[in-house]
Each structure stands twice: as C-alpha cells, then as structure tokens.
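# I would like to see how this sequence folds:
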Amino acid sequence: FNHSCNPNAFIKVKNELVALMAVKSGEEINYDYSTTMNYNKEKIEKSGGALWTCKCKCGADNCRKIINQFRKLPISFQEFYLKNNFAPDFILKKFTT
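Below you'll find the model as predicted:
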C-alpha cells in the first residue's frame, strides 16, 4: 500500500487497514498518510530532529502536493475523516470534542 490524497482505505483503531470502497483485484491499496501523523513538534525539535513531511505526487485530482501532519490538512479533509471515523483512535481522540 501507499499514500493517496484520494484513498481507497484508511487506518482505524491502532493498525487495522480498512477499505473505504470495493478494491478490485490487482488495484493498489492506499490511504492518506496524514491521517496517522500527529507528532509533537517541540519535543522532536528539542531532540535535534525535524517533523517528517514529503512531497506528494499521488496524481489524485485533489492532490495536496504535500504529506503532512493531520492538523495541517484542509479543514474539509479533517472534518470528513473525523465525521466518518476514518482515522486511528489517537487521531479521533485528539481532534474530536
């Protein structure tokens, strides 16, 4: 599996990969990596590291051109993922009230 800004799967609970739609035989499975990223920037930078980001070249019509932290996703993406529980528990707990 790989990343896509228009995924056909998502990660739920801790590490359970779940299809969002029917996946055809031979079709690549992909999920939005940003839905699994909520790192402590200050802690990472204090230890000499940097937050991981990556240029996205997934080719989806809605490609954001960058894979980044969940909180950096456009609000419409965050709301969609949270409303439908299309994210791991730690993201759902952190971003839902």
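# how far off centre is the lowest-mean-pLDDT helix or strand in the chain?
Within the chain, no helix or strand scores below helix 41-46, which has a mean of 82 by mean pLDDT, DSSP states H and E. Distance of helix 41-46 from its chain centroid, counting by C-alpha atoms, centre = their mean, to the nearest Å, is 21 Å.
# for R71, give me the pLDDT.
R71 is assigned a predicted lDDT (pLDDT) of 92.
# can you point out the buried residues in whichever helix in the chain runs longest?
In the chain, with assignment by DSSP state H, the single longest helix is helix 75-83. Neighbour counts over helix 75-83 (16 or more other C-beta atoms under 10 Å) mark F77, Q78, Y81, L82 as buried. For the C-beta atoms, the positions are set from N, CA and C on the backbone; glycine is no exception.
# could you pull up the contacting residues of the third one?
Residues touching Y81, when contacts are defined by C-beta atoms under 8 Å, 6 or more residues apart in numbering, comprise F10, D32, T35, F70, L73, A87, I91.
# can you pull out the strands in the protein?
2-3, 9-12, 16-19, 30-31, 54-55, 66-67 (DSSP state E).
# who does H3 bridge with?
Bridge pairing for H3 (DSSP bridges) gives the partners Y31.
# wait, C5 touches I66, no?
No. Applying C-beta atoms under 8 Å, one finds C5 not in contact with I66, separated by 9.5 Å.
# and for these two, which residues touch both?
Counting by C-beta under 8 Å, 6+ apart, the residues touching both C5 and I66 are C56.
# more neighbours: which of the two?
In this view C5 and I66 are compared by other C-beta atoms under 10 Å, and C5 has more residues nearby, 21 against 12.
# before we move on, back to that, nearest to N40, of the buried residues of helix 75-83?
Distance to N40, by C-beta to C-beta, is smallest for Q78 among the buried residues of helix 75-83, at 18.5 Å.
# what's near enough to touch that closest one?
F70, R71, F95.
# so which of the residues you listed is the most crowded?
F70 (23 neighbours).
# and that one, how close does it get to F77?
Using C-beta to C-beta, to the nearest Å, F70 is found at 9 Å from F77.
# that'll do, ta.
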